[in-house]
Each structure stands twice: as structure tokens, then as C-alpha cells.
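> model the following, please.
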Amino acid sequence: MVATNGLPPDPDIVGEGWYEEWLDRLERTPQWAYEWLRHQQRDTYWLHGSPCANYESIECPTMLIGGWLDGYVDGMLALAEHLTCPTRTVIGPWGHYRPATGLPAPTLAVKSWSLSNAIRSTPIPICSIHPTNRSPICAPKSVLVFTP
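Sure, this is the predicted structure:
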């Protein structure tokens, strides 16, 4: 992960300041491996960023995007299972990539499979507004599965 953080940002996304942002990123990237080696078992160091410590603390509607080939798919599926807030899960045949460049295809950028189209075409939106009293109505769970 340290090596990945050393990669330059995508100029098409970041724009003209990509080089300066890259140098700043290189300067500020911590060497995680040293700290992680000091905490090889689950302890308080890991709890601050671990949703499994208290799933109920996540209250806002949540969208999870992952791939079957992603090394983190188990954590995403655990979130999908245990979150009590309205949750939408999007999962496909790709690995740990940006949704538009995931391999193997289809990516979320493919015209007929774009994420926005997939969300709009899902029968139950993650949240909508009650027409009379304007209160939020949220579907408890929905899952979109992409296949090659």
C-alpha cells in the first residue's frame, strides 16, 4: 500500500496541479508497515477505523461497492449483512480497482451497466421522501450483482 500511495494522481481527475499533489502525497505518506507490525493483533489501535466494533453507530444510508476479486470483499459483505441503516450493495466480478477501470469487465462505466443507471433501475431506491408528511422512507437493504 505504501508503494501504491507513491503513484502519481491521475491528471485527468486531479487537473493541472497533479504534480504538486503527488509531491505532497510522497512527503506525507506514513510508513504504515512499522506501526502495523507493532499491532499484529486486534487492539485499540485498530478500533477507531473498524466498523465491526459497533455497526449500530452507522446510521446514515450507506452504499457499499466491491468486487468478488477484491481482497476486502469479506469486510464489505459483513457490512452489508450487519448494518442496520438502509444499505445498498453493488458487487461485481472485478478486483480492488476504480469502478470505471475494474477488471474483468463489465466495469461500472460500461454504458448499459453504469452505476447511475443501475441505481435508477433498481426497483427500490435507497431512500425517498414520503409524499404527504415529507419524512424519509428508506429501504432496509438492496443488492445489485454484476456478472460478466
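> pLDDT below threshold where in the protein?
1-2, 99-100, 102-103, 105-131, 133-148 (pLDDT under 70).
> can we see that at 80?
By pLDDT under 80, the low-scoring segments of the chain are 1-5, 92, 97-148.
> which of the residues in stretch 69-87 are buried?
For stretch 69-87, the neighbour count (16 or more other Cβ atoms under 10 Å) marks D70, M76, L77, L79, A80, L83, C85, P86, T87 as buried. (Each C-beta comes from the backbone N, C-alpha and C, glycine too.)
> quick one, phi psi at the second one?
It refers to M76. Phi and psi for M76, reported as degrees, to the nearest 10, are phi -70, psi -40.
> how about it, what does it touch?
Counting by Cβ atoms under 8 Å, 6 or more residues apart in numbering, M76 touches L64, I65, G66, D70, T89, I91.
> how about stretch 76-95 as PDB, C-alpha atoms only?
C-alpha atoms of stretch 76-95 as PDB (Å, rounded to 0.1, in the frame of the first residue of the first chain):
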ATOM      1  CA  MET A  76     -17.800  -5.300   2.600                       C
ATOM      2  CA  LEU A  77     -20.100  -8.300   2.800                       C
ATOM      3  CA  ALA A  78     -20.000  -8.200   6.600                       C
ATOM      4  CA  LEU A  79     -21.100  -4.600   6.500                       C
ATOM      5  CA  ALA A  80     -23.900  -5.400   4.100                       C
ATOM      6  CA  GLU A  81     -25.100  -8.100   6.500                       C
ATOM      7  CA  HIS A  82     -24.800  -6.300   9.800                       C
ATOM      8  CA  LEU A  83     -25.600  -2.600   9.100                       C
ATOM      9  CA  THR A  84     -29.000  -1.700  10.400                       C
ATOM     10  CA  CYS A  85     -29.200   1.500   8.400                       C
ATOM     11  CA  PRO A  86     -30.600   1.500   4.800                       C
ATOM     12  CA  THR A  87     -27.900  -0.100   2.700                       C
ATOM     13  CA  ARG A  88     -27.300  -0.700  -1.000                       C
ATOM     14  CA  THR A  89     -24.600  -3.100  -2.000                       C
ATOM     15  CA  VAL A  90     -23.100  -3.200  -5.500                       C
ATOM     16  CA  ILE A  91     -20.800  -6.100  -6.200                       C
ATOM     17  CA  GLY A  92     -19.300  -7.300  -9.500                       C
ATOM     18  CA  PRO A  93     -16.600  -9.500 -10.900                       C
ATOM     19  CA  TRP A  94     -13.700  -7.000 -10.500                       C
ATOM     20  CA  GLY A  95     -10.900  -6.600  -8.000                       C
END
